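>>> Starting from these lines, generate the structure:
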Amino acid sequence: MAVTKDTIYIDSEEEITGIIDKIQSAESKLVALVLPKKTSVLQSSVNMKLMKRSADLAEKNLVLITSDESLKTLAANNNIYVASDLNSKPTIPTVLPNVASELKDETTQGLQNSTIDLNQYQSAANLPTDQKLDQIASSIPVEGPEEFDAENQVNDPNVVDLSKNEDELVDNQTSTRRASNPTNQNEEVLDSLTDKKIKAPRFSRFKILILAIIGFVILLLLLTYYVLAILPKADIKIKTDALNIKVNTPINLDNFKSSSSASSGVLYTKTVNYSKNISASVPTSGSVNNGQTASGQVTIGLTNCNNTTVNIPAGTSLSYNNLTYTTQSSLSLSAPYQNGQCQSSTSGQTVNVTALNNGSSYNLASGQTMQMSTFNGYSSSDFTVVSDGISGGTDNIQKVVAQADITSVDSKLKLSSSTSAINALEQQLQADGFDPIKSSFVTSKPQIAYSAQLNQPAATLTATEKVTYTMTGVDSSELQSFLNKIIQSKIKNSTQTILNNGYNSLVFSSGSSPTNYNLNTTAEVGPKLSVSQVQLLAAGHSSSYVVSQLKKNPNIQHVTITVTPSWLGSLPSNKNKIIVNILKP
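Residues are numbered from 1 along each chain as shown. Coordinates of the predicted model:
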């Protein structure tokens, strides 16, 4: 029967528990462990013994595939078979004990059980070192063959033939262990007394437990730091006897620094200008025909006999389908009498005419009936007008400015905002140290220039408007001094001071003259409290202590302290975690 075995390759970082699990999980009774060149886990005699004991309990026969001499020594001490490769016959190695180490480490009990003759040690005591070791080694009984003999190897109980039946191999190995080592017999007896398997320590679980404990300690430290250092904060609200004072007082403006006086309310001012050009454009909507004018001749006859003679002046208007022509010379027509009877004249006199406007639409074919305009009491029915041919009119249309275009571009200029001019004037005044008076902003009358006049040829009409803006400002330092003087005169409590003079909310309104304005604002007066000092006073103390210390100031009326979290007995030691809010009146 062919030998079946499981080959297991061991990694250099493998743990003993993993190796034992693989041995116990093997399906065959013969297990070959292929070991790496360097493995630390089996260098321990304890791990080697654990592996051997677990294999015996699982009824597995081990063969270590290695050439490491130290592993062979440990395998020999535990009766484990060893082979140099998977194709070699495994044997239990024969190892000579280290005499020098044995003499140093052997206990009294070990010497009693040893097969070494102690007299040999004593007789070799005075010999040189080399001779002493040779003499002692010769007295040690050696089990197994000293040299490899192919014939003797077959009958050697320490040699396993992998070609044997697996069950035979197990029986042979078991009988060999019992015969060669009394200790194994004792172990067999011990195994028969208990059916409990040896549980190898699982170092991975121990590592996980250690990491879990370390993680828990770190989490606990972070939580403690968050609760004690980050989470705590406090909010202190202080109500004082501060109050608001309304300021409404007139000031006079003076353009001369030498004559201004903040104490008397005459403040130095400055007026600045800003010019801005605003442009707007629209496409033109008018048109004109600059082509040639049509001209020709017409024949005019008289049909009215009331007057013997009718004179038609030059420039008389003739029309055809709303097209107007003018005669270029005068002519005289006689009443059309024939045989003493008035007859309508079908013939008359010829006169030159010219079209009133340019264009090809004034060209008129010969034979077309026209009408004469009314003049000197004569109507168009008193005459016959027939075209003899009018030609020469051509078209040349050009865009021109219409009145509607001028109106449209003017409306666009009015939409332009003055905000940019106001901002420019304010920045100019502030740069010079003056506070702008917005109500003094004035816009001059616009000056408009057009790119083309009415009826002039142009595709686009552009209008440019030039506007000049002015604004007046008050000297900032004089204004501040005057404002503080007015507020100080209204304070009645000597313990109060100016907290806010209302300068940033100051409003100017026009007065009785262009150089007179009224100042309007609201000032705040009360005790001067330092937020930083309150924070230092409160840091690390209880709420009751902080309240009692702040109440010593007669100007403080009420103090409210809120600590988060509420179970903290004192305010945070870090003053930056304390927010101080001095309530406005």
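
>>> Assign Ile487 to helix, strand or coil.
helix (DSSP: H, G, I helix; E, B strand; the rest coil).

>>> tell me the secondary structure for Ile300?
Following three-state DSSP, we place Ile300 in the strand state.

>>> Now do the same contact list for the nearest residue to it once chain neighbours are set aside.
Nearest residue to Ile300 in three dimensions, chain neighbours excluded: Gly348, at 4.9 Å (Cβ to Cβ, 6 or more residues apart in numbering). No exception for glycine: its C-beta is placed from N, CA and C like everyone else's. Neighbouring residues of Gly348 by Cβ atoms under 8 Å, 6 or more residues apart in numbering: 299-302, 333, 384.

>>> how's the chain carved up into domains?
Listed by automatic domain parsing, the domain ranges of the chain are 6-96+142-200, 202-228, 272-284+400-473, 291-395.

>>> end to end, how far does the third one reach?
If I follow you right, that is domain 272-284+400-473. Domain 272-284+400-473 has an end-to-end distance of 8 Å (Cα to Cα, to the nearest Å).

>>> Mean confidence (pLDDT) on it, please.
Domain 272-284+400-473 comes out with an average pLDDT of 90.

>>> The last one now?
What domain 291-395 shows for mean pLDDT is 88.

>>> same thing with the longest one?
Rounded to a whole number, the mean pLDDT of domain 6-96+142-200 is 71.

>>> could you say which helix or strand contains Tyr462?
To be clear, residue 462 is Thr; Tyr isn't right here. strand 460-475 (DSSP states H and E).

>>> Now that strand: buried residues?
461, 463-465, 467, 469, 471-475 (16 or more other Cβ atoms under 10 Å).

>>> Any chance of TSV for these, columns distance to Gln24?
Output for those, formatted as TSV (distance: Cβ to Cβ, whole Å):
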residue	distance to Gln24
Leu461	104
Ala463	103
Thr464	102
Glu465	102
Val467	102
Tyr469	100
Met471	99
Thr472	103
Gly473	98
Val474	100
Asp475	100
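
>>> Ser260: which of those is nearest?
Using Cβ to Cβ, Asp475 is the member of those that sits closest to Ser260, with 7.3 Å.

>>> which residues sit in contact with the closest one?
So Asp475 contacts 257, 260, 267-270, 433-435 (Cβ under 8 Å, 6+ apart).

>>> which stretches of the stretch 451-585 of the chain form helices?
Using DSSP state H, counting those that start in this stretch, the helices of the stretch 451-585 of the chain run over residues 476-488, 531-538, 543-550.

>>> Including mean neighbour count, could those helices go into TSV?
Shown next, in TSV, are the helices of the stretch 451-585 of the chain (neighbours: other Cβ atoms under 10 Å):
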stretch	mean neighbour count
helix 476-488	18
helix 531-538	16
helix 543-550	16
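
>>> Can you pull the phi and psi angles for the closest residue to Asn77 other than its chain neighbours?
Spatial nearest neighbour of Asn77, chain neighbours left out: Ser45 (7.0 Å); criterion: Cβ to Cβ, 6+ apart. Torsion angles at Ser45 (phi, psi; degrees, to the nearest 10) stand at phi -60, psi -30.

>>> any idea how far Ser45 lies from Lys52?
Ser45 sits at a distance of 10 Å from Lys52 (criterion: Cβ to Cβ, to the nearest Å).

>>> With Val217 instead?
Relative to Lys52, and taking Cβ to Cβ, Val217 is found at 40 Å.

>>> who's more crowded, the two?
Lys52 (19 against 10; other Cβ atoms under 10 Å).

>>> follow-up on the earlier one: closest to Asn500 among the contacts of Gly348?
Ile300 (97.4 Å).

>>> ok, the closest one touching Ser329?
No - contact criterion Cβ atoms under 8 Å: Ile300 and Ser329 do not qualify, at 11.5 Å.

>>> okay, those two: which has more neighbours?
Ile300 (23 against 11).

>>> partner residues bridging that one?
Gln349, Val385 (DSSP bridges).

>>> Skipping adjacent residues, who's closest to Ala458 in space?
Sequence neighbours aside, Ala452 is the residue nearest to Ala458 in space, at 3.8 Å (criterion: Cβ to Cβ, 6+ apart).

>>> Can you report how many residues lie near the one you found?
Neighbour tally, Ala452, other Cβ under 10 Å: 18.

>>> Could you report the separation of it from Ser285?
Look at Ala452 and Ser285: by Cβ to Cβ, they are 13 Å apart.

>>> now Phe383
40 Å.

>>> Who has more neighbours out of these two?
Phe383 (22 against 14).

>>> Let me see the contact set for the more buried one.
300-304, 333, 372.

>>> got any residues that touch both of Ile300 and Ser329?
In contact with both Ile300 and Ser329: Val351, using Cβ under 8 Å, 6+ apart.

>>> tell me which residues in the one helix or strand Lys49 maps to are buried?
Lys49 is part of helix 45-57 when elements are defined by DSSP H and E. Judged by neighbour count (16+ other Cβ under 10 Å), helix 45-57 contains these buried residues: 47-48, 50-56.

>>> Tell me which residues are up against stretch 316-329.
Contacts of stretch 316-329 (Cβ under 8 Å, 6+ apart): 298, 312-315, 351-357, 361-362, 364, 368, 370-373, 375, 385, 387, 390.

>>> Do a quick rundown of the strands in the stretch 251-400 of the chain.
For the stretch 251-400 of the chain, the strands defined by DSSP state E, counting those that start in this stretch occupy 266-283, 286-289, 293-302, 309-312, 317-320, 323-327, 331-334, 337-338, 341-342, 349-358, 369-372, 383-391, 397-400.

>>> In TSV, list those along with distance to Thr564.
Output for the strands of the stretch 251-400 of the chain, formatted as TSV (distance: least, Cβ to Cβ, whole Å):
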stretch	distance to Thr564
strand 266-283	50
strand 286-289	78
strand 293-302	97
strand 309-312	112
strand 317-320	100
strand 323-327	96
strand 331-334	115
strand 337-338	128
strand 341-342	124
strand 349-358	92
strand 369-372	104
strand 383-391	104
strand 397-400	77
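
>>> Cool, thanks, signing off.
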